[in-house]
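Q: One predicted model, sequence on top.
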Amino acid sequence: MAQPSLSQQIKKLELHLGRELFDRHAHGATLTEAGHALLPRARRILVEVHEATTNLQRELETGQGPLAVGAIPTMAPFLLPPALGRFVRDFPRCELTVREDLTGRLVAALLDYELDCAVVSTPIDSNLIELEVLGSERLLLTTSLDYRLPTSGELTLQVLRQEPTIVLHEMHCLGQQIRDFCSTHQTQQRILCRSTQLATVQELVTLGLGISILPEMAAKADRENARRYLPIQPGEPTREIAVAWRRYRSRSKLAQGLVARLKEDLQSGLHRLAPAS
């Protein structure tokens with residue numbers, strides 16, 4: 001700090017304390033009684049500032065600190081666990097919080113700085129949110145094991161007009177995406193039941209109450225062997241997988257580390273999804 005500036009700061013401190021810290025004379029300045037009393041405290045403050053700066057840098061470099069991640073319910077249980085497992089091993093000192101919620105609430109949490117990032121599906125209607133597309137996945141027709149396939153062996157949207165369907169509620173973006181897809185292709189579903197839970201949809205399909213359309217990652221995670229997941233041709237429906245960030249907010253090393261592992265999973269075929277182009 002330049003001498004005039006330092007002198008000004010000392011005078012401000014003296015004014016704030018109501019005590020002179022230096023006796024100023026022709027040969028320089030010497031500490032007053034108040035100055036001597038303040039000196040050890042000032043030294044401790046300087047040491048603490050230095051340590052805080054050093055520790056902060058170390059924490060940033062080693063990945064120590066909090067990370068709050070959000071994800072929509074139709075992706076969180078399928079996409080996050082493998083990436084989070086490796087992430088926690090690589091960043092054991094991270095204080096991780098995972099929030100599973102609907103898209104609108106995740107966006108609100110991002111805007112309120114409650115979340116660092118969120119795994120969502122496009123589109124997102126907010127100019128304060130920046131999207132990083134990681135990949136896409138197919139949406140598959142889901143049936144019970146005893147469902148009779150068409151004699152042609154090809155499943156088209158026509159089957160949705162003929163069979164009762166169990167659909168995910170439109171409160172989920174996936175439910176709205178499926179509804180929009182059917183509307184675009186002028187396909188009227190015979191809706192038997194709407195459910196807010198993907199697992200409930202799967203179980204109702206297993207009972208043979210109807211068919212449904214579910215994401216491929218749910219099919220890959222299904223270990224019950226109680227349902228079939230089949231592609232719809234032509235015009236196969238898909239959805240995009242993206243990470244949402246609050247625009248203009250810096251991205252921590254921890255957040256970037258998690259996203260990198262999600263990308264690795266998609267690109268390595270762990271979820272057998274199509275990577276972003």
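A: That came through, no problem.
Q: Could you use CA atoms for every contact and neighbour count after this?
A: OK.
Q: Show me what stretch 176-196 is in contact with.
A: The contact list for stretch 176-196, computed with Cα atoms under 8 Å, 6 or more residues apart in numbering, reads 157-158, 160-172, 201, 210, 213, 237, 239.
Q: gap between the two ends of stretch 65-83?
A: 18 Å (Cα to Cα, to the nearest Å).
Q: Mind listing residues that contact it?
A: Against stretch 65-83 from outside (Cα under 8 Å, 6+ apart): 59, 93-103, 106, 114-120, 174, 198, 215, 217-218, 221, 254-255, 258, 261-262, 265, 271.
Q: and Pro73, how many neighbours does it have?
A: Applying other Cα atoms under 10 Å, we find 20 residues neighbouring Pro73.
Q: helices or strands up against whichever strand or helix holds Val159?
A: For Val159, the host element (DSSP states H and E) is helix 158-162. Packing partners of helix 158-162 (3 or more Cα pairs under 8 Å, 6 or more residues apart in numbering; DSSP states H and E): strand 190-195.
Q: Grab the CA positions of the strand it packs on and hand them over as CSV.
A: What follows is strand 190-195, C-alpha atoms only, in CSV (Å, rounded to 0.1, in the frame of the first residue of the first chain):
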residue,chain,number,x,y,z
ARG,A,190,-57.1,-43.7,-24.1
ILE,A,191,-56.0,-42.6,-20.6
LEU,A,192,-57.1,-45.0,-17.9
CYS,A,193,-55.1,-43.4,-15.1
ARG,A,194,-52.7,-40.6,-14.3
SER,A,195,-50.1,-41.0,-11.6
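Q: how far does it sit from the chain's center?
A: 30 Å (Cα atoms, centre = their mean, to the nearest Å).
Q: What strands line up against that strand, and which way round?
A: strand 164-168 (parallel) (DSSP bridges).
Q: what pLDDT, on average, does the partner strand get?
A: Averaged across strand 164-168, pLDDT comes to 93.
Q: give me the low-pLDDT residue ranges for the stretch 151-277 of the chain?
A: 151-154, 269-277 (pLDDT under 70).
Q: repeat that for 50
A: The stretch 151-277 of the chain contains residues with pLDDT under 50 at 272-277.
Q: which stretches of it form helices?
A: Counting by DSSP state H, counting those that start in this stretch, residue ranges of the helices within the stretch 151-277 of the chain are 158-162, 173-184, 198-206, 216-221, 253-268.
Q: Pull out the buried residues from the last one.
A: By neighbour count, and taking 16 or more other Cα atoms under 10 Å as the criterion, the buried residues in helix 253-268 are 253-255, 257-259, 261-263, 265-267.
Q: Stretch 228-246 now?
A: 228-232, 237-246.
Q: now swap in stretch 125-140 and tell me
A: Neighbour count says stretch 125-140 has 129-131, 133-140 buried, by 16+ other Cα under 10 Å.
Q: Adding distance to Arg86 and secondary structure, write those residues out as TSV.
A: Conversion of the buried residues of stretch 125-140 to TSV gives the following (distance: Cα to Cα, whole Å; DSSP: H, G, I helix; E, B strand; the rest coil):
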residue	distance to Arg86	secondary structure
Ile129	27	strand
Glu130	25	strand
Leu131	23	strand
Val133	21	strand
Leu134	18	strand
Gly135	20	strand
Ser136	22	strand
Glu137	22	strand
Arg138	26	strand
Leu139	27	strand
Leu140	29	strand
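Q: Take the residues you listed and lay them out in CSV including distance to Arg19 and pLDDT.
A: As requested, the buried residues of stretch 125-140 are arranged in CSV below (distance: Cα to Cα, whole Å; pLDDT from 0 to 100):
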residue, distance to Arg19, pLDDT
Ile129, 52, 97
Glu130, 53, 96
Leu131, 56, 97
Val133, 61, 95
Leu134, 61, 94
Gly135, 65, 91
Ser136, 68, 91
Glu137, 70, 92
Arg138, 74, 93
Leu139, 74, 94
Leu140, 77, 94
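Q: and these as TSV, adding distance to Leu192?
A: As requested, those are arranged in TSV below (distance: Cα to Cα, whole Å):
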residue	distance to Leu192
Ile129	36
Glu130	37
Leu131	35
Val133	34
Leu134	34
Gly135	32
Ser136	28
Glu137	26
Arg138	23
Leu139	19
Leu140	18
